[in-house]
Structure formats: C-alpha cells, structure tokens
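**Student:** A structural model of the following input is requested.
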Amino acid sequence: MGTKQAKYNIKAVSQMVGIQPGTLRAWERRYQIVRPSRNEAGHRLYSDEHIKILKWLMEKVDKGFTISQAVSLLESNENAVEASSHTESSNQLEVLGDDLLNALLSFEENEAQQKLDHAFSLFTPETVAIDIIGPLLVKIGDLWEENRITSAHEHFASHFLRSRMGMMLLSIPSDAMLPKALLVCGPNERHELGLLIFALYMKRKGYDVIYLGQSIAGGDIDIVIDEIEPSYMFMSCTLKKNIPITVSLAESLQKQFPELKIGLGGLAYDRLSELDKKRMEPFLVGNTKKDWEAWLTKH
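**Tutor:** I've put the predicted structure just below:
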C-alpha cells in the first residue's frame with residue numbers, strides 16, 4: 001500500500017485508530033498490509049491512506065472477522081462482501097449463543113465445550129467474549145431472576161463460562177513493555193465474569209493485564225500498585241450496595257496515586273440515577289465495547 005504524505009507517528013496512529021503500537025508493529029511484520037515509511041531517525045510515519053486502511057481493518061475485526069480474514073478481504077475485492085458481512089456475522093453470533101445456552105441449561109458440558117470451540121474457530125476470542133458470552137450472561141441472569149431456571153443451572157453455567165474465560169485470558173501472551181492495567185473486583189465483590197470479559201478485551205487491545213479477580217483484603221491494593229506501577233486500574237461492581245465503598249476507594253487511590261488512571265465498570269452502575277452517574281462520570285468506563293473505546297480514548 002502507498003505511503004503518500006506520511007506524517008503521523010505510531011503514537012498518534014494508535015490514538016486515532018485505537019490499536020496499541022505493539023499490535024501495529026506486529027501487523028506490519030506479519031501481514032505487510034500497511035508499510036509505513038521511516039524518517040531520518042528511523043521512526044515509523046503513517047499517511048492518511050494508512051489510517052483509512054487500519055480503520056477498515058478494525059471495522060472488520062469489530063464485526064467478528066479475525067485480522068487474517070480482514071486482510072484477505074482487503075487483498076481481494078472487499079466491496080463484494082461489504083454489504084452482507086455484518087448481517088451474516090450478527091446472525092451467526094446469535095445462533096451460536098443460543099446453542100451454547102441450551103447446552104449449558106441441559107448440563108451438557110461436553111456439548112457446551114464443542115459449541116464454544118466452534119465459536120472460537122469462526123471468530124476472535126474478543127468477539128466470542130463480548131458478543132456471545134457477554135449477552136449469554138445477561139440472559140442467564142434474567143432467567144434466574146425470573147425463576148425460569150434454578151440456582152443450580154445458574155451456578156453450572158457461570159462456573160463453565162468463568163473457567164473458559166480464565167483459560168482464554170491466560171492463553172494470550174503478555175508483554176511487560178506495554179502499558180500495565182490492573183483489574184480487580186471492587187470491595188466485597190465476588191462476581192467476576194464481566195471483569196474477565198473486560199480483561200480479555202484489554203489484553204487483546206495490547207495492554208499488559210494484571211488480573212486479580214475477586215476483591216482482595218483492604219490495604220493490599222496499595223501494595224500491589226506500589227509494586228507493579230500500573231498505568232490503569234479498573235474495578236468492577238455488580239451489586240448496587242457496594243458502589244459507595246468502591247467509589248470511595250477509587251477517590252482515595254486517585255489522591256494517593258495521581259498519575260494512575262482509574263476506571264469503574266459493572267452492571268451495578270446501570271442502576272444509578274443520571275445525577276449519580278454524572279457525579280461519577282470521570283470514573284465510569286461503561287459496559288459496552290463502544291463505551292470502553294471512548295473511555296480509553298479520553299484517558
């Protein structure tokens with residue numbers, strides 16, 4: 001691809017497109033679809049054409065394609081698939097989610113494994129987590145609250161998904177040179193599936209994720225922050241009663257570590273009034289991929 005009027009350095013491109021510099025360099029080495037020019041110091045410089053290509057690739061990845069599939073589309077005639085790709089991916093994701101849910105509610109572990117493995121063969125781990133497992137968790141929660149399934153069904157399904165999400169997170173290599181993000185449940189919080197999905201998203205975005213899971217003893221978080229010096233810290237909260245203590249901890253840590261970027265997320269915050277949300281706005285990360293992208297762009 002051409003490099004006309006190359007003017008953007010890799011940091012600027014990372015912010016414009018939402019891809020970590022390490023990921024950009026990896027794509028360049030592996031696929032050679034975007035080849036930035038170099039200035040006299042040897043630093044990469046990208047053009048407007050490169051930005052357009054990278055945004056197009058990210059749109060395809062967001063729709064469920066792997067990066068290699070997106071590159072193949074770009075190398076062929078992408079116009080031939082542009083109109084239908086999103087609809088086909090969305091329908092396929094919904095069917096896979098329903099099949100997985102049926103297997104889990106029937107206590108069919110082997111079948112659930114096969115359904116999830118099939119989903120991974122078609123889509124990226126991030127897409128499976130956000131667009132299949134995420135909605136599935138909401139459905140399971142709703143079914144349980146409506147007394148349409150028992151606590152046994154809910155526990156079995158949640159344990160299965162938590163185990164697979166943990167395996168997915170560990171399977172993605174870490175790079176200590178990338179920005180560190182510390183993830184932990186808020187005080188008194190035990191529900192970590194939503195946090196696991198966000199951890200996977202962050203790791204796929206190129207961050208070095210340190211995942212602690214369920215809430216840890218008071219005071220220990222200060223020690224961890226001192227030791228690993230993260231750029232970001234995220235806490236999840238699923239129970240409304242735990243919001244005040246979680247927000248209080250975030251405010252205290254922000255004063256203690258002014259350079260640390262702190263984000264709060266989880267289903268509990270959806271139940272707040274608009275006034276309360278506005279007061280906590282600097283901390284609130286949101287619960288959708290679009291929300292996460294917007295928060296990270298601001299910070």
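**Student:** what segments of the stretch 51-200 of the chain are strands?
**Tutor:** Counting by DSSP state E, counting those that start in this stretch, the stretch 51-200 of the chain has strands at residues 180-185.
**Student:** can you name every helix or strand that whatever helix or strand L264 lives in contacts?
**Tutor:** Taking DSSP states H and E as the definition, L264 sits inside strand 261-265. Counting by 3 or more Cβ pairs under 8 Å, 6 or more residues apart in numbering; DSSP states H and E, the packing neighbours recorded for strand 261-265 are helix 193-204, strand 232-236, helix 243-256. C-beta here means a position set from N, CA and C on the backbone, and glycine is covered the same way.
**Student:** show me what the helix or strand immediately after it in the chain is packed up against.
**Tutor:** Once the chain leaves strand 261-265, the next helix or strand it forms, by DSSP H and E, is helix 274-279. With contacts defined as 3+ Cβ pairs under 8 Å, 6+ apart, helix 274-279 has no helix or strand neighbours.
**Student:** report the angle between the next helix or strand after helix 274-279 and strand 232-236.
**Tutor:** Sequence-wise, the next helix or strand downstream of helix 274-279 (DSSP H and E) is helix 289-298. On the basis of axes from the mean of the first three to the mean of the last three Cα atoms, to 10 degrees, helix 289-298 is oriented at 150 degrees to strand 232-236.
**Student:** just checking, what packs against helix 289-298?
**Tutor:** Judged by 3+ Cβ pairs under 8 Å, 6+ apart, the packing partners of helix 289-298 are helix 193-204.
**Student:** separation between the residue lying closest to E75 once chain neighbours are set aside and E146?
**Tutor:** Using Cβ to Cβ, 6 or more residues apart in numbering and skipping residues adjacent in sequence, the residue nearest E75 is I33, 7.4 Å away. Distance, I33 to E146, using Cβ to Cβ, to the nearest Å: 48 Å.
**Student:** quick one, which of those two is more surrounded?
**Tutor:** More neighbours surround I33 than the other of I33 and E146, with 18 against 8 (other Cβ atoms under 10 Å).
**Student:** for K60, see how far away that one is.
**Tutor:** Counting by Cβ to Cβ, the gap from I33 to K60 is 12 Å.
**Student:** does the residue nearest to E75 belong to a helix, a strand or coil?
**Tutor:** Secondary structure for I33, judged by DSSP: H, G, I helix; E, B strand; the rest coil, is coil.
**Student:** list the residues that contact it.
**Tutor:** M1, W27, I53, L57, V71, L74, E75 (Cβ atoms under 8 Å, 6 or more residues apart in numbering).
**Student:** who wins on neighbours among those residues?
**Tutor:** Counting neighbours by other Cβ under 10 Å, L57 leads the contacts of I33 with 22 neighbours.
**Student:** quick one: low-confidence ranges for the protein?
**Tutor:** For the chain, applying pLDDT under 70 flags the ranges 1-5, 77-90, 176.
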